[in-house]
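> what follows is a predicted structure for the sequence shown.
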Amino acid sequence: MKNRLVERYDSSILPDELTKVYIILKDGSHIESTVTNISSHGMRVDISLPPSNMMAVPQKKETIKVALLSGQIVFSGLCIYSDIGPDGRAGIGIYFYYPNEQTKLQKMLEEILSRFDSRSDSGSKDKNPSDVKEYTPQEWEQFVQKICDSDDAKLLPETEYEGCALQFDNTLANVASQSVFLNASHMTKKVEETFESDEHLIGVIIIDDNEQLLGMISRKRFMELYSKPFRKELHHNKPVKLIVKDNFDTPLCLDETDNVDYAVRIALSRSKELMYEPIVVRTNQGALKLIDTQVLLLELTRVYEIQSMELQETLSRVNQLNVQLEESRERILESLNCASVIQESILPRNELFDRLFSEWSTLYHPRDIVGGDLYWLREINGLVLLAVIDCTGHGVPGAFMTMTVNSVMNHIVDTTCYDDPALILAEMNRVLQETLHLRRGGDSMVDAGLDIILCCINPDQHQVTYAGAGLSLYILADNELCEIKGGRPGVGYSGNDPDYRYKNHILDIGAGAILYAPTDGLLDENGGTKGFGFGRERFKEMVKQHAHHSLKRQREYFEQTLAEWRGSRNQRDDITMVSFRL
């Protein structure tokens, strides 16, 4: 039953006991209604009204009561849309936005639909259980009055749901999307040509001859498939439908009327491999389109920022609205936690580190729930690419930058160059300048860019080619710690020379040597008696002092040392460091 409840049920398959409801208005009056579809989060109802009573239709953002089973069960909900036709019929969307209301409706759906299923299996045509009481008009009026007078069933005040309504208007219909289709009978080489023709294309929708959805091929997974030995030759002249069947999962498909918050939750419920895949969205007209998960996250965060602005206004009324303020804070934290899960999904897996390095550890502490630091790892043709990146800003803006930078890095090493760190940085500088500045006409309020450590490691030759911008790489050998400074400028800033050439350092790494790649958040962390930064010299001394320990144990000592140095102060910046031994 659990999987069924995320679907919408329309009236053609609903038992009668779920199709007849009463809408109870603020003045205690009620309107008999017919349910057209219902889910565990809400319902749509249709109302027939005489012309003289059109004003009785609930208005958008109005809190209303909904009574099911002839008044035996009552829910509090929010009217999220109200469409009135010329024939006197009105369609009302009702959203049950409190978790206890959703849980109550879900349990009722489970019970009724289970009984309905059992009656259907036995061949019974009676969809109404005999134990459902039908109220007389007099009993119904008494029941409505009792609801309106009860303290635990009072209608919510206006301020109780103002913040909630912001999310309901933000549906997938308003999110930026792409619509590129390929017939399943095309050869797979057509997919490659399509991606090559548009570097910003996130995926293609695969349809049959009747224009029905067969699947979706994302750029990321297609490039991963084609990067494997002989896969291009193997699949190039095969029909698309074969590689879709054998190599790609059924895409997540949602309706454009679904709100963004719901879409993010469903996307996050997928496995880690599929969490970042585009979402197929079906419009009201039956057309299909693709939405990038990153774009979806941006839309969700836009709602969060609107809510944050509301909070600033609410602070002036904190004595009267303390309960509402706490609820808004929890919604914001929930949104940020969703964003944190998506951001962490782009970080390399521990299994990849285990396979590529004999010993390794990562120290990753965003200042806020999300941050602007990123570490990145790829293996291509026997070479290992490792990057530690510090993007402009922290919190939500910094997290947006990490999403962009991760995408740019993958695109460059997949299509341009993977064995020359200096050339990779030069290409990143050019692409980010164009993406972040030129497209805004140079009017962006924040000069966005990044500092980076990028290593190309040849494990067979024990050789590391390093290029840096703004960050230093440290090598510990024979208890001596050597610092190799990154060059200037950083990457992607508007004032950079678009043709700037970064410098490679070729390093021969002896047996037992350890490499440390920290961001400046670690070195700049304020603390001590005078609130000074931790500093390079103190960092070097800390590394040498604990060099005889394993890297995992070193990380524990580093975290403890930083915490003691910081004391009662708040963390100043995002802190990230990757250390490894070949």
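Cool, the structure landed.

> ok, now how distant is Asn526 from Trp565?
Asn526 sits 9 Å away from Trp565, going by Cβ to Cβ, to the nearest Å. C-beta coordinates here come from the backbone N, C-alpha and C atoms, glycine included.

> and Asp499, by the same measure?
41 Å.

> then Cys456?
Counting by Cβ to Cβ, the gap from Cys456 to Trp565 is 33 Å.

> quick one, which of those two is more surrounded?
Taking neighbours as other Cβ atoms under 10 Å, Cys456 and Trp565 compare with Cys456 leading, 25 against 17.

> please name the bridge partners of that one.
Cys456 has these beta-bridge partners by DSSP bridges: Leu385, Thr465.

> begin at 28, not 1, for the rest of this chat.
Renumbered: residue one is now 28, and that last one reads Cys483.

> now for Asn553 and Trp592: what residues contact both?
Counting by Cβ atoms under 8 Å, 6 or more residues apart in numbering, the contacts common to Asn553 and Trp592 are Phe561.

> may I see the buried residues of the helix or strand hosting Ala290?
Assigned by DSSP states H and E, Ala290 belongs to helix 287-295. Under the neighbour-count criterion of 16 or more other Cβ atoms under 10 Å, helix 287-295 has 287-288, 290-291, 294 buried.

> hmm, who's touching it?
33, 68, 194, 197-199, 202, 279, 281, 302, 306, 318, 320, 323-324, 326-327, 330, 362, 365, 368-369.

> mind checking the pLDDT average for it?
Mean pLDDT, helix 287-295: 86.

> now swap in stretch 523-543 and tell me
93.

> now do the SS call for Pro525.
At Pro525 the chain is in coil, as set by DSSP: H, G, I helix; E, B strand; the rest coil.

> I'd assumed Arg608 was in contact with Ser385.
Yes: because the distance of 5.3 Å satisfies Cβ atoms under 8 Å, Ser385 is recorded as touching Arg608.

> those two: who's more crowded?
Set Ser385 next to Arg608 and count neighbours by other Cβ under 10 Å: Arg608 wins out with 17 against 11.

> which one is the more buried one nearest to, not counting chain neighbours?
Leaving aside its chain neighbours, Arg608 sits nearest to Glu386 (4.3 Å; criterion: Cβ to Cβ, 6 or more residues apart in numbering).

> okay, that neighbour and Pro486: tell me how far apart.
Here Glu386 is placed at a distance of 13 Å from Pro486 (Cβ to Cβ).

> isn't there a helix covering Ser298?
No: checked against three-state DSSP, Ser298 lies outside a helix; its state is coil.

> okay, it and Glu304: tell me how far apart.
Taking Cβ to Cβ, one finds Ser298 at 10 Å from Glu304.

> which of the two has more neighbours?
Glu304 (23 against 8).

> and the contacts of stretch 260-275?
For stretch 260-275, contacts defined as Cβ under 8 Å, 6+ apart pick out 209-219, 233, 235, 241-244, 248, 252-253.

> distance of the residue lying closest to Ile407 once chain neighbours are set aside from Ile484?
Once flanking residues are discounted, Ile407 sits nearest to Tyr445: 4.7 Å by Cβ to Cβ, 6+ apart. Tyr445 sits at a distance of 12 Å from Ile484 (criterion: Cβ to Cβ).

> hey, what's in contact with both of these two?
410, 412.

> who has more neighbours out of these two?
Ile484 (23 against 18).

> what about the closest residue to the more buried one other than its chain neighbours, how many residues close to it?
Once flanking residues are discounted, Ile484 sits nearest to Val411: 4.1 Å by Cβ to Cβ, 6+ apart. For Val411, the tally of surrounding residues (other Cβ under 10 Å) stands at 20.

> how about the contacts made by Val411?
When contacts are counted by Cβ under 8 Å, 6+ apart, Val411 touches 383, 404-405, 482-484, 486.

> and which of those residues is nearest to Ile51?
Leu404 (57.7 Å; Cβ to Cβ).

> pairing partners for the closest one in the sheet, please.
Leu413.

> my read is that it contacts Arg382, right?
No: using Cβ under 8 Å, Leu404 is not in contact with Arg382; the gap is 10.3 Å.

> those two: which is more packed in?
More crowded of Leu404 and Arg382, by other Cβ under 10 Å: Leu404, with 21 against 10.

> now do the same contact list for that one.
375, 379-380, 383, 411-414.

> what do you get if the cut-off is 7 Å, keeping everything else the same?
375, 379-380, 413 (Cβ atoms under 7 Å, 6 or more residues apart in numbering).

> then Ala426?
Per Cβ under 7 Å, 6+ apart, neighbours of Ala426: 366, 370, 397-399.

> could you look up the SS state of it?
helix.

> tell me the confidence at it?
91.

> cheers, nothing more for now.
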